[in-house]
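give the three-dimensional model of this entry:
(chains A and B)
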Amino acid sequence: MSELIENIIIVGGGSAGWMTAAALSKLTGKADVSITLIESEDIGTVGVGEATIPHIAQFNQFLGIDEDQFVRETQATFKLGIDFIDWGQKGEKYFHPFGTHGFDLEGISFHHYWAKLNELGEKSRLDDYSLNALAAHAGKFIRPKPEHGSVLNKLAYAFHFDAVLYARFLRKYAEARGVKRIEGLVQDVKLNAETGFIEELHVNEDRKLAGDLFIDCSGFRGVLIEQALKAGYDDWSHYLPVDRAVAVTTERMGPLMPYTQSTAREAGWQWKIPLQHRTGNGYVYSSKFIDSEQAETDFRSALDGKLLKEPKHLRFVTGRRRKFWDKNCVAIGLSAGFMEPLESTSLHLIQTGISKLIALFPDKTMPKVERDEYNRLLSDDYLHIRDFLILHYKVTRRNDTAFWDYVREMDVPDSFVRKLELLNSRGRFFKYDAELFDLVSWLAVAVGQGAELGGYNPMVEGLSDANIQKSLLNMRNLLSKTVAVMPEHQAFIDKFCRADIAPHQEA
Amino acid sequence: MTTQNEPIRKIIVVGQGLRVWLVASYLSARFPAPRYTIKVISEKNKSDMAEEIAGDDIVHTRPNIRRLHQLLQITERELQMEAKARPVFGVEAVKADGARVLLPYGGYGLDQAGAEFFQYWRRADIEGMALPLKRFNLAIRLHEEGKFINKAPAGFPPVDYGYQFSRPGYSGLLKRYAINNGVEYLGAFESVNTRQDNLLVSQVLAEGNIFDCDMVIDVTTTLNIAEGSNRSGQTGWVGNCLSIGRGPCIPEVLGIPEVPDILGVPDIPGVEVYMLQSAMDRFVALLPDMNFHACEINEYNRLADAELARIEDMADLLASNIKGKALQRKVDVFQARGRIVSEDYEVFSKAEWLAAFMDAGILPEYYDRLVDRADTTELQAWLKQFDSALCRFVENSSVSG
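Next up is the predicted model:
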């Protein structure tokens, strides 16, 4: 008979550690499994993932968290997508929305009709057919209505929130379900001489913690998965060359926008994330093309609010761990890999790591077949996201700096080439079952950055040109009217989920 | 032949019986006349309904067939009257030894607290107190009792259904729809004419008549004019010819070596129709113009190959012939703790895989740790209550057909 897991040790707090602790405590209950989380106040968290994608709502629902309470306690705002500025070419912008573009007609995807209309000379932007994009630019937000047939069903949303507050929020949740927290640092990791499994951690000089399953949420350092187990790392910086970031919080300025802003810069890009109490900012850049001093100077000059702290510099290597689960250790969060925050996938990768761990929850024997399956699934997740991130760099017409010349001309993986060829030929896209970003995303970015579709599905000719023109005009009008009656984003928050702390006040 | 950059307009479907009329009727709904012309040609010395008239075969379909009926606007009454339709909640695959295994179109039990129902059942099974697993599958119970429901109510395992048809009746019904939509049956095939670039430009009939074509869809089981030099021995899309099915190629058509044993479609009921329908879905999604872009053709073939690989995995499992990396992984992961791995582009549901595993005598050594939270007595009571509720529900359901 199998040996059941009795002790789970999580190394590292932050979003990854506390999301993992919360989810496992929800499932295992207090009685039969002990969950201990070790974290140190001395080690700051990266605070990664202030912007999210819609899947986060499923995680919160799984935990049974009330959404309005979550928004209040994490100073959250709603996010309808990402506004990309200067990516295709300086002076241009486009919106990558959650949700969909337009309405399919006669079983044919909307974008084929849109391409046909463009060919007829009636140029319009994809954004004009996205409820999310229109609402975002109008500063509007409302939760989608579940009633069938409502146009509002097309609205999809995620959140911007303070990752530190989210970790704190989940800590309360997890501790209420029996998770023990130990303040301290892992100083040594004792491995079994025969099996190589982790046996115990030495914490705070005098404390030894034995466990059956160890979850490494220690961030870039990978205290268990890399420093102790040497799982290895695939470096993807050739395709995604940004490797540094400088981040700072600023006072809130102007209206609360329901979207993330991503502005391309000389050697990378800059984010702007609105929270209720402040604005998060960061410049992600490649150290091969700009030094940190110049990057900070450029970054500061582009900020539009008073700094609440001094800028913080970060280093990273884009890529993924060769084994996310090795022996009796599972890496979740930045210890598993790093994908730049361009599409807000950090928290999603934590979430997907947790859900796969739950689906393949082991016993003490840690069957190899299950570890291999976990690693296979996670590897695919990272690969698919990598290819989508590459799209943002490869499909650019910018030629104003050495950085943009490099990414425009760099060689790219075959998996990416195949997808882009299909998309360019006639807007075709076939998603892998577990692929995160679908046609809407690939199309929004590719077209937004200036890629021209080579055509459209010939079946659109089933509708006359006049009929297509009329149908698309009706769509635009319907979406515009819908946005017009939506409340302001700020008003919605004020009514349902305003945080207690006043704007500009640091949590 | 139409010039390049223009949409294909003239499609010829080669084959007979259900296969040709299913594809022709599907295309007729998606490519309406007069903008498009769709013509059917049968194999040499055969009429279009030759195979169907000869026998009184039954054909099985999977739940996705209902989308075709919706597309064609075929009514339930027509299906019953003309095709002797009977809804089915699964198919019985016949194994090499003649034994049958039911692959259900619906799940087992209900998941609870993050663990699948099967994990609870397996724990009870190991503890020696479980009823047979199939008792917790509503689709199997409805199938065995000959009962029918449209949709499972809340609190019961979900079910879906396909149909069992009289093959000649169903072929005739689809033919009628295709003809009403403007499809024309031309007669028997004699040979094809090709261009220098190997694209097929026209079809020659037995009577000597020649018909131009932009695209040929070959659904024959013995003809297979679609074989191309780089995909010899496989079904697929080459140039302007899409082949769905199996059969020896005619080497002289495209000047390729003869391949004696063309890859066959595994003989699992419902799969034949499923593959025709999904091939058409893919074709429509990748509809070419006269340029026949390689990237679109390659994508079609990649997706078709993946689909066939998943079907072959199931056929191998039913034949207790575990080979291939993906199937071995599925078996290994299942044996460890009863988890069912999903590959990209799966055809069969988790419930069908579970049924096949159980039938093959493959059982997990253990179960998901998470189900240990359940108290033994409570677990036993829950399973009994579930079984009783299913019993009562099926008893009160109406008789199928």
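
count of residues packed around B:Lys323?
Using other CB atoms under 10 Å in any protein chain shown, B:Lys323 has 11 other residues around it. All C-beta atoms are positioned from the backbone trio N, CA, C, and that covers glycine.

what sits against the closest residue to it other than its chain neighbours?
Nearest in space to B:Lys323, with sequence neighbours left out and distances taken as CB to CB, 6 or more residues apart in numbering or on different chains, is B:Asp316 at 5.9 Å. With contact set as CB atoms under 8 Å, 6 or more residues apart in numbering or on different chains, B:Asp316 has these partners: B:Ile322, B:Lys323, B:Gly324, B:Leu327.

host element of B:Asp316?
helix B:294-318 (DSSP states H and E).

same question for B:Ser342.
Going by DSSP H and E, B:Ser342 is not part of any helix or strand.

which residue packs closest to it, ignoring adjacent ones?
B:Ser342 sits nearest to A:Asp433 (CB to CB, 6+ apart), 6.5 Å away.

look up how far A:Cys329 lies from the one you found.
28 Å (CB to CB, to the nearest Å).

so these two - more neighbours on which side?
A:Cys329 (28 against 10).

up against chain A, what does the stretch 51-200 of chain B have?
B:Leu71, B:Ala113, B:Gly114 (CB under 8 Å from any CB of the partner chain).

try it again with 10 Å
For the stretch 51-200 of chain B, the residues in contact with chain A (CB under 10 Å from any CB of the partner chain) are B:Arg67, B:Leu71, B:Ala113, B:Gly114, B:Ala115, B:Glu116, B:Gln119, B:Ile126.

dump the residue contacts of the fifth one.
B:Ala115 sits next to A:27, A:358-359, A:361, B:123, B:338, B:367-374 when contact means CB atoms under 10 Å, 6 or more residues apart in numbering or on different chains.

helix, strand or coil for the spatially closest residue to it that is not a sequence neighbour?
Distances taken as CB to CB, 6+ apart place B:Leu370 nearest to B:Ala115, at 4.4 Å, with adjacent residues excluded. Following DSSP: H, G, I helix; E, B strand; the rest coil, B:Leu370 is assigned to helix.

B:Leu370 is in contact with A:Ile358, isn't it?
Yes - applying CB atoms under 10 Å, one finds B:Leu370 in contact with A:Ile358, separated by 7.4 Å.

coming back round to it: go through the residues of the stretch 51-200 of chain B next to chain A and flag which are in helices.
The helices, defined by DSSP state H, take in B:Arg67, B:Leu71, B:Gln119, B:Ile126 from these.

which of those residues count as buried?
Neighbour counting by 16 or more other CB atoms under 10 Å in any protein chain shown classes B:Leu71, B:Gln119, B:Ile126 among these as buried.

mind putting the residues you listed into TSV with pLDDT and distance to A:Trp404?
Formatted as TSV, these follow (pLDDT from 0 to 100; distance: CB to CB, whole Å):
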residue	pLDDT	distance to A:Trp404
B:Leu71	95	47
B:Gln119	95	52
B:Ile126	92	61
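
what about the strands in the stretch 251-400 of chain A?
A:260-265, A:268-274, A:279-285, A:312-315, A:319-321, A:325-326, A:329-331, A:337-338 (DSSP state E, counting those that start in this stretch).

quick check: which of the ones you listed is buried the most?
strand A:329-331 (a mean of 30; mean count of other CB atoms under 10 Å in any protein chain shown).

give the partner strands of it in its sheet and their orientations.
Using DSSP bridges, strand A:329-331 pairs in its sheet with strand A:213-216 (parallel), strand A:325-326 (antiparallel).

and the residue in the stretch 201-350 of chain A positioned nearest to chain B, bridged to which residues?
Per CB to the nearest CB, A:Leu213 is where the stretch 201-350 of chain A lies closest to chain B, at 10.0 Å. Here A:Leu213 sits in beta bridges with A:Ile8, as judged by DSSP bridges.

ditto for A:Ile38
Counting by DSSP bridges, the residues bridging with A:Ile38 are A:Val11, A:Ile182.

residues touching the residue nearest to A:Glu122 when sequence neighbours are not counted, list them.
Distances taken as CB to CB, 6+ apart put A:Gln469 closest to A:Glu122, at 6.4 Å, once the chain neighbours are dropped. Contact partners of A:Gln469, counting by CB under 10 Å, 6+ apart, are A:Tyr113, A:Lys116, A:Leu117, A:Leu120, A:Glu122, A:Leu463.

in ChimeraX, how would I select just the buried ones from those?
Selection of buried members from these for ChimeraX, criterion 16+ other CB under 10 Å:
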select /A:113,116,117,463
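
for chain A, see how far away B:Pro361 is.
Residue B:361: Gly, not Pro. Distance, B:Gly361 to chain A, by CB to the nearest CB, to the nearest Å: 19 Å.

now do the contacts for that residue.
Here B:Gly361 is in contact with B:Ser320 (criterion: CB under 10 Å, 6+ apart).

that one sits in which helix or strand?
Per DSSP H and E, there is no helix or strand for B:Gly361.

that older thread, reformat the strands of the stretch 251-400 of chain A as JSON lines; add mean pLDDT.
Rendered in JSON lines, the data for the strands of the stretch 251-400 of chain A read as follows (pLDDT from 0 to 100):
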{"stretch": "strand A:260-265", "mean pLDDT": "97"}
{"stretch": "strand A:268-274", "mean pLDDT": "96"}
{"stretch": "strand A:279-285", "mean pLDDT": "95"}
{"stretch": "strand A:312-315", "mean pLDDT": "94"}
{"stretch": "strand A:319-321", "mean pLDDT": "97"}
{"stretch": "strand A:325-326", "mean pLDDT": "98"}
{"stretch": "strand A:329-331", "mean pLDDT": "98"}
{"stretch": "strand A:337-338", "mean pLDDT": "96"}
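
could I get these as TSV with distance to B:Gly15?
Output for the strands of the stretch 251-400 of chain A, formatted as TSV (distance: least, CB to CB, whole Å):
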stretch	distance to B:Gly15
strand A:260-265	53
strand A:268-274	54
strand A:279-285	56
strand A:312-315	62
strand A:319-321	47
strand A:325-326	49
strand A:329-331	52
strand A:337-338	50
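
figure out which of those strands is closest to B:Pro269.
Comparison of the strands of the stretch 251-400 of chain A against B:Pro269 by CB to CB identifies strand A:325-326 as nearest, at 39.1 Å.
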